[in-house]
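> Below are the sequence and a predicted model for it; my questions follow.
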Amino acid sequence: MKLIKSLTKSSWLILIGALFLAQDISAQTSYGEDRAGTEGFQFAKISIDARSAAMGNSNMADAIDGSSLYWNPANASVLGSSNVMVNHTQYVADINLEYLSYIHKFGKFAVGGSIQYLNSGEIMETTETQPLGTGLSFSTHHVSAGLTGSHQITELFSYGITFRYLAEKYIDVSYQTGAIDFGFLYYVGDTGLRFGVSLNNFGLEAAPSGTVERTLTGGEVVQEEPESNLSLPTRFNIAAAYDIIDTENHALLFTAQITNPSDNSEQLNIGGEYGFMDQFFVRTGYEFGVEEREWPSFGAGVKVPFAGKSLKADYGYTVFERLGGIHRIGLSVAL
């Protein structure tokens with residue numbers, strides 16, 4: 001046991017060093033910044049749940065609930081029971097993001113389905129000849145739906161895969177494509193340390209369908225077909241979670257995650273959660289290398305018995321420097 005603890009401490013120290021080294025390297029080499037804004041389906045990068053957002057989007061290795069279908073499908077089979085989750089995000093500029101998931105657990109296997117939907121709200125229409133507005137408005141719609149399978153091979157190792165459908169619609173132009181998510185989760189014995197690896201939104205480019213109406217300077221109205229395909233915002237994640245304290249009344253969790261997105265530079269996220277009697281939770285986190293993030297995110301949660309089940313309510317708040325705050329609320333039921 002002493003040897004295991006010693007190895008765990010060494011592994012943890014190495015991990016922390018590697019995380020900060022990677023962050024230092026990414027801060028010095030900003031090649032990914034040249035790719036910023038080059039991908040479509042940007043809504044798929046927005047965190048879907050209150051707990052993860054409060055912890056700085058650092059808890060991919062500890063997302064053991066309905067959010068696992070978004071972060072790492074391997075986590076689904078680690079759940080103690082089936083789970084239903086709903087989350088609402090009040091994003092900037094009256095944009096709303098909704099998330100719904102269901103996981104059915106049987107033995108060492110789990111299957112699940114999830115849907116993520118973003119509505120832009122009303123956007124004022126402008127043209128080249130009427131830059132201040134035409135008096136009309138429109139909205140955009142974005143959907144991601146997935147089917148997940150997960151298997152806990154042993155008490156220490158699990159894997160999972162999600163087949164995903166993504167679609168976006170801008171007035172009369174739409175894009176559709178398919179993608180997969182794949183992930184692993186590994187527990188380092190009973191030491192409280194676990195590692196997660198996931199690849200998200202890996203798939204084909206989406207070709208446009210439809211035409212765009214454009215009014216020329218002389219007043220002529222023409223129909224144009226978009227020429228460019230949209231590629232997916234693929235991201236590769238490596239994460240760790242460690243139970244610093246894990247007793248009957250008190251729990252203290254530390255999480256860290258490195259994300260390498262296909263359309264930006266690498267990011268390092270860290271977070272923490274304190275739990276009291278496994279009923280009350282407070283959380284905070286910070287995302288390094290992300291524009292507009294000068295302040296840590298934070299949130300809280302409560303878990304109570306409900307109709308013979310376990311009901312958990314979460315709240316998360318993230319601050320953008322210029323765009324303001326983002327509120328997230330979520331409910332999760334362990335069936």
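Cool, got the structure. Everything numeric here is computed off the predicted structure, so don't read it as measured data. Numbering: from 1, shown residues only.
> residue nearest the centroid of the chain?
Ser47 (3.7 Å; Cα atoms, centre = their mean).
> Pretty sure it sits in a strand.
No - the assignment for Ser47 (DSSP: H, G, I helix; E, B strand; the rest coil) gives coil, which keeps it out of a strand.
> Show the contacting residues for the closest residue to it other than its chain neighbours.
Ranked by Cβ to Cβ, 6 or more residues apart in numbering and with sequence neighbours excluded, the top spatial neighbour of Ser47 is Ala53, at 4.5 Å. (Each C-beta comes from the backbone N, C-alpha and C, glycine too.) Taking Cβ atoms under 8 Å, 6 or more residues apart in numbering, we find Ala53 in contact with 47, 89, 297, 299, 316-318, 326, 328.
> which regions of this protein lie under the pLDDT threshold?
Scanning the chain for pLDDT under 70 picks out 1-38, 127-131, 133, 214-220.
> Spell out the residue ranges of the helices in it.
Under the criterion DSSP state H, the chain contains helices at 2-28, 50-54, 68-71.
> ok, Pro208 touching Gln176?
No - using Cβ atoms under 8 Å, Pro208 is not in contact with Gln176; the gap is 9.7 Å.
> Neighbour count for the two, which is higher?
Pro208 (19 against 15; other Cβ atoms under 10 Å).
> hey, what's that one bridged with?
Beta-bridge pairing for Pro208 (DSSP bridges): Tyr175.
> how near is it to Arg164?
For Pro208, the distance to Arg164 equals 19 Å [Cβ to Cβ, to the nearest Å].
> which residues does Arg194 bridge with?
Beta bridges link Arg194 to Tyr187, Ala241, judged by DSSP bridges.
> Count the neighbours of it for me.
Using other Cβ under 10 Å: Arg194 sits among 22 other residues.
> Now do stretch 177-187: everything it contacts.
By Cβ under 8 Å, 6+ apart, stretch 177-187 touches 41, 61, 71-75, 78, 146, 148, 155-167, 193-206, 230, 232.
> Flag every buried residue along it.
Across stretch 177-187, burial judged by 16 or more other Cβ atoms under 10 Å covers 177, 179, 181-187.
> what does stretch 284-293 give?
284-290, 293.
> Same list (these) but as TSV, adding distance to Gly107.
Converted to TSV, the buried residues of stretch 284-293 look like this (distance: Cβ to Cβ, whole Å):
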residue	distance to Gly107
Thr284	36
Gly285	33
Tyr286	38
Glu287	37
Phe288	40
Gly289	41
Val290	39
Arg293	41
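> Give me the subset of those lying in strands.
Secondary structure assignment by DSSP state E places 284-288 of the buried residues of stretch 284-293 in strands.
> Now do the phi/psi pair for the nearest residue to Glu294 once chain neighbours are set aside.
Once flanking residues are discounted, Glu294 sits nearest to Glu321: 5.1 Å by Cβ to Cβ, 6+ apart. Torsion angles at Glu321 (phi, psi; degrees, to the nearest 10) stand at phi -60, psi -50.
> Quick one: neighbours of Glu321, just the number.
Glu321: 10 neighbours (other Cβ under 10 Å).
> With the one 4 residues further on instead?
If you count neighbours by other Cβ under 10 Å, Gly325 ends up with 12.
> Same check on Asp263?
Asp263 has 20 nearby residues by other Cβ under 10 Å.
> isn't it right up against Pro233?
Yes - Asp263 lies in contact with Pro233 (Cβ under 8 Å); the separation is 5.5 Å.
> can you list residues touching both of those two?
Residues touching both Asp263 and Pro233 (Cβ under 8 Å, 6+ apart): Glu39.
> ok, back up a step: could the ones in strands among the buried residues of stretch 284-293 go into JSON lines alongside distance to Ala307?
Listed next are these as JSON lines, based on distance: Cβ to Cβ, whole Å:
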{"residue": "Thr284", "distance to Ala307": "32"}
{"residue": "Gly285", "distance to Ala307": "32"}
{"residue": "Tyr286", "distance to Ala307": "37"}
{"residue": "Glu287", "distance to Ala307": "37"}
{"residue": "Phe288", "distance to Ala307": "42"}
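> Farthest-apart pair in the residues you listed, please.
The most widely separated members of those are Thr284 and Phe288, with 14.2 Å between them, by Cβ to Cβ.
> list the contacts for Leu156?
Under the criterion of Cβ under 8 Å, 6+ apart, the neighbours of Leu156 are 186-189.
> and with 10 Å instead?
Leu156 is in contact with 185-190, 194, counting by Cβ atoms under 10 Å, 6 or more residues apart in numbering.
> Got phi/psi on it?
Backbone dihedrals for Leu156, given as degrees, to the nearest 10, come out at phi -110, psi -20.
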